[in-house]
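Visitor: Sequence and predicted model, in that order:
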Amino acid sequence: MLPFLLAGALIAAQPGACPSDLLVANPQLKVIRAKDRTLDNYIVTVNVQNRGSSSQRLAVNQHLDLLINQRPAGTQPIPGLGANESYPAAFRFQLAHQRNRKPVVVTFHYVMDDKPRPGENCTTANDQVTATL
């Protein structure tokens, strides 16, 4: 009987689902050799997804920052997303061509510019992803 009471207490203590919560995941890199052979074009992409059960406000102000080797390199507005809707974000940058380049560390950081309303972006633990590419 005690295990059932403990299980019931644990279930009751679980927080409810977050109405809208964004996840930044799946970074990818594509390198394209530029016409100018001294440069390489890099295209980095990431998926921003509303994992919540509700849509965001249509007029929500939010953006995604890109940091390359811990330095700001770009920003991109993110539209309000519906429940389980994804937004593919992409950034392009150039680096001098090097035969044996060290890996590039990219960080994508989601920022809600508006003050979050109750039920919006319930956790910030998944608002950033860093990848060594």
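Guide: Now that the structure is in, tell me what you want to look at.
Visitor: Identify the residues contacting residue 65.
Guide: Shown in contact with residue 65 (CB atoms under 8 Å, 6 or more residues apart in numbering): 72, 74-75, 107-109, 111. Any C-beta I mention is one placed from the backbone N, CA and C, and that applies to glycine too.
Visitor: Then residue 31?
Guide: 40-42.
Visitor: so where does it fall, helix or strand?
Guide: Per DSSP states H and E, residue 31 falls inside strand 22-33.
Visitor: Pass me the low-pLDDT residue ranges in this protein, would you?
Guide: Where the chain drops to pLDDT under 70, the residues are 1-17.
Visitor: go again using 50 as the cut-off
Guide: Within the chain, the segments meeting pLDDT under 50 span 1-15.
Visitor: where along it do the helices fall?
Guide: Taking DSSP state H, the helices of the chain run over residues 2-13.
Visitor: would you turn the contacts of residue 31 into TSV with neighbour count?
Guide: Shown next, in TSV, are those (neighbours: other CB atoms under 10 Å):
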residue	neighbour count
40	17
41	15
42	19
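Visitor: Okay, and which of those map to strands?
Guide: 40-42 (DSSP state E).
Visitor: what sits against the residue lying closest to residue 77 once chain neighbours are set aside?
Guide: Once flanking residues are discounted, residue 77 sits nearest to residue 63: 5.0 Å by CB to CB, 6 or more residues apart in numbering. Contact partners of residue 63, counting by CB under 8 Å, 6+ apart, are 75-78, 110-111, 113.
Visitor: at 10 Å instead, please
Guide: 75-78, 89, 109-113 (CB atoms under 10 Å, 6 or more residues apart in numbering).
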